[in-house]
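K.L.:
Mind looking at a prediction? Sequence and model below.
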Amino acid sequence: MCGIVGWIAPERHQDGERLLRQLTDTLAHRGPDGDGHWLGLAENGKHQIALGHRRLAIIDLKDEAAQPMWSADRRLVCVFNGEIYNYIELKEELGALGHVFTTTSDTEVLLAAYRQWGTDALPRLRGMFAVAIWDLAEQSLLLARDAFGKKPLFLAEHEGALVFGSEIEAVLGFPGISRRVEPQALEQYLLNRYVPAPLTFFAGVRKLDPGSYLVWQGGRIRARRYFTPPLATTEPDFTSFDAAVEQFSAAFDEAVRIRMRSDAPFGMFLSGGLDSSAVLAHMVRHTAERVRTFSVGFPNSADSETDYARHTAAVFGTDHSELVVTPDDFFANWSLAVRRRGAPVSEPADIPILLLAKLASSSVKMVLTGEGSDEVLGGYPKHRAEPWISLYHRLMPLHLGPALGASVANALPYRARRLQVLLRAAGERDPASRLRMWFGGMSSAERDALLGRAGNMAPPDGFPYLNQASALRRTLFFDQTSWLPDNLLERGDRMMMAGSIEGRMPFMDVELAKLAARLPDSFLIGGSGGKQVLRAAMRGVLPQDILTRRKNGFKLPLAAWFRNDFRDRPRELLTSEASTVAKLCSRPVLEALVNDHIEGRRNNDRVLWSLTNLEMFIREYRPEGLEAWSDPVARPAAHDLHLAAAE
């Protein structure tokens, strides 16, 4: 697990080595165990190629595994961020084909696989990765990202140069890269609570899509998607629930086992819920040592899960550590979380994860987590609700549905979060808009009222919206191609790496996803609580109270913090004279959102969190071009501003 940065540019930077070291050092938190740099020439000296690497040593702790690493024949050189979990099996296959290995590193296996199969090697990799490989013979640069996008890769083009990096801050440090704001990102962020790919908040910086690669050769760039979630191409074919449970159990056990491959100490993040408890149950099968577990909670909060985690840790006899995050801890680390995210922090849970990563890094280098289970196996309430939405729309008059749902939702008690979200989402007849609203984003009407004008509705990429008869599969596909890579997986990478620790996610295994795509809807959401195959597989393994426990999610008492002792935070960030968001949006709407929450009339914690983080991001990164949005009368349409920025 590491951080990478580099470029290929038509001009030699006179102080290229100093620049490369400077950009690489911005990623020091991702790799505190070492660094490496390589500068070369391409196209007979017409281009300069630069590769920088920061290392977090987990597999092959010796210097022989340092990067940039060369292939045995000195044709390829690469920098690589991530882990290839099936590197042992690939190494045996490549050895039979004549490849000779001198280290125990998965990076050397990755190089040999690319040398043997080219880009056809990418679908063979079970892991998480962002990789850059320079081919001296072909004079080509490969940039690739893992199937589900667990590892990030940001790109920027400037005057013929292609710049890449694991985090936005490193890419923005390259001379000439514009910090001009991407207007569509602002509008999409308000709808989604995150920025969907390929956008970032900077017009000149883009995300390489998950499951995609890019090849630079001769100044030309071609890109291709090599992986699509199996939901799009696989039909359900299981008829026996017992057979499905048996095959799922075996596949899940293997996914956990291969993610325990490590030459450094490791542990796991434990919430005490079904997902993390299932991971722990399989971990203890494959080690004779006590598993180190870590959990986080909050003082005097009903939302804290430390009691559940402590119970599960006792069941499996782990070496357990707890972290209690106070409001002071939380707010003291807010700006750091925004800096590491390179964007507004979409979820308050990001900050406790960052703090837990710091705690865990004092004793381990890597942890397993339960992330991705809901998005693969159908564990959210929306997965059970979505198949009924079409019936609701048939029964509800077209003009009445949205207004009625919003009115009832607004009249509900302060803590009736789930029912409020259900009613608001059910009233949205456009499937794409509804998928975004399930996680508490704004409706288009609310967004436009906040901006004081009509905003852009079209998503930057239509890929997340699968055209299938099954409402569940459509929703899961969106989760796996948008919500996960652009929000939850970004959190997992950025916050854990901010604490210099690696996170591995067995539920995000490609082979497990292929199996899940073969399951009929009833095997996933039938019964109560969802994830029926997982629950059945864990019966007799986990205590009954864990199996039947209602999904709680990772909640923070943010609503209470913003209403009581820390009510000045949203006021200062959103309604003071120093607020940039107050200049971008309608001040009366902002003041109503803040006042209604503080005075207990409505629970606006999610929208307040989104807006306060937008302000924090602006203060931390100071993007350019926001002045065009300060005057509602002078604000251009989003597409006009985008074209102006591109010029």
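P.N.:
Received, thanks. Residues are numbered from 1 along each chain as shown.
K.L.:
all strands for the stretch 451-600 of the chain, in order.
P.N.:
Ranges of strands within the stretch 451-600 of the chain are 502-504, based on DSSP state E, counting those that start in this stretch.
K.L.:
Point out where it drops to low pLDDT.
P.N.:
Along the stretch 451-600 of the chain, the model assigns pLDDT under 70 to residues 552-554.
K.L.:
80 - rerun?
P.N.:
Applying pLDDT under 80 to the stretch 451-600 of the chain flags the ranges 454-463, 465-469, 526-529, 549-555.
K.L.:
Nearest residue to Thr119 in space, please, no chain neighbours.
P.N.:
Tyr213 (5.9 Å; CB to CB, 6 or more residues apart in numbering). Quick note: C-beta positions are derived from backbone N, CA and C, even for glycine.
K.L.:
Surely the one you found is in contact with Leu122?
P.N.:
Yes - counting by CB atoms under 8 Å, Leu122 is a contact partner of Tyr213 at 6.3 Å.
K.L.:
who touches both of the two?
P.N.:
With contacts taken as CB atoms under 8 Å, 6 or more residues apart in numbering, Tyr213 and Leu122 have Ala144, Tyr226 as neighbours in common.
K.L.:
Neighbour count: those two, which is higher?
P.N.:
More crowded of Tyr213 and Leu122, by other CB atoms under 10 Å: Leu122, with 24 against 21.
K.L.:
tell me the mean pLDDT over the helix or strand where the residue nearest to Thr119 lies?
P.N.:
Using DSSP states H and E, Tyr213 sits within strand 212-217. Averaged over strand 212-217, pLDDT sits at 97.
K.L.:
swap in stretch 279-287?
P.N.:
For stretch 279-287, the mean per-residue pLDDT is 97.
K.L.:
same check, this time on stretch 114-121
P.N.:
98.
K.L.:
And it, what's buried?
P.N.:
Within stretch 114-121, the residues scored as buried using 16 or more other CB atoms under 10 Å are Tyr114, Arg115, Gln116, Ala121.
K.L.:
contacting residues for the last one?
P.N.:
The contact partners of Ala121, by CB under 8 Å, 6+ apart, come to Leu110, Ala113, Tyr114.
K.L.:
Which ones among the residues you listed lie within strands?
P.N.:
Among the contacts of Ala121, no member falls in strands (DSSP state E).
K.L.:
Quick one: mark the members of these that sit in helices.
P.N.:
Mapping these onto helices (DSSP state H) picks out Leu110, Ala113, Tyr114.
K.L.:
So what's the residue count around the closest residue to Leu377 other than its chain neighbours?
P.N.:
Nearest residue to Leu377 in three dimensions, chain neighbours excluded: Lys531, at 4.3 Å (CB to CB, 6+ apart). Per other CB under 10 Å, the neighbour tally for Lys531 reads 26.
K.L.:
Check the one 3 residues further on too.
P.N.:
Using other CB under 10 Å, Leu534 has 26 other residues around it.
K.L.:
pretty sure it is in contact with Ser373, am I right?
P.N.:
Yes - at 6.8 Å, Leu534 counts as touching Ser373 under the criterion of CB under 8 Å.
K.L.:
Spit out the residues that contact these two alike.
P.N.:
The contact lists of Leu534 and Ser373 share Leu274, Asp275, Ala278, where a contact means CB under 8 Å, 6+ apart.
K.L.:
hang on, isn't Val315 packed against Gln544?
P.N.:
No - between Val315 and Gln544 there is no contact under CB under 8 Å: 11.5 Å.
K.L.:
Compare the two (neighbour count), which wins?
P.N.:
Taking neighbours as other CB under 10 Å, Val315 and Gln544 compare with Val315 leading, 16 against 9.
K.L.:
Doesn't that one lie inside a strand?
P.N.:
No - read with DSSP: H, G, I helix; E, B strand; the rest coil, Val315 is helix and lies in no strand.
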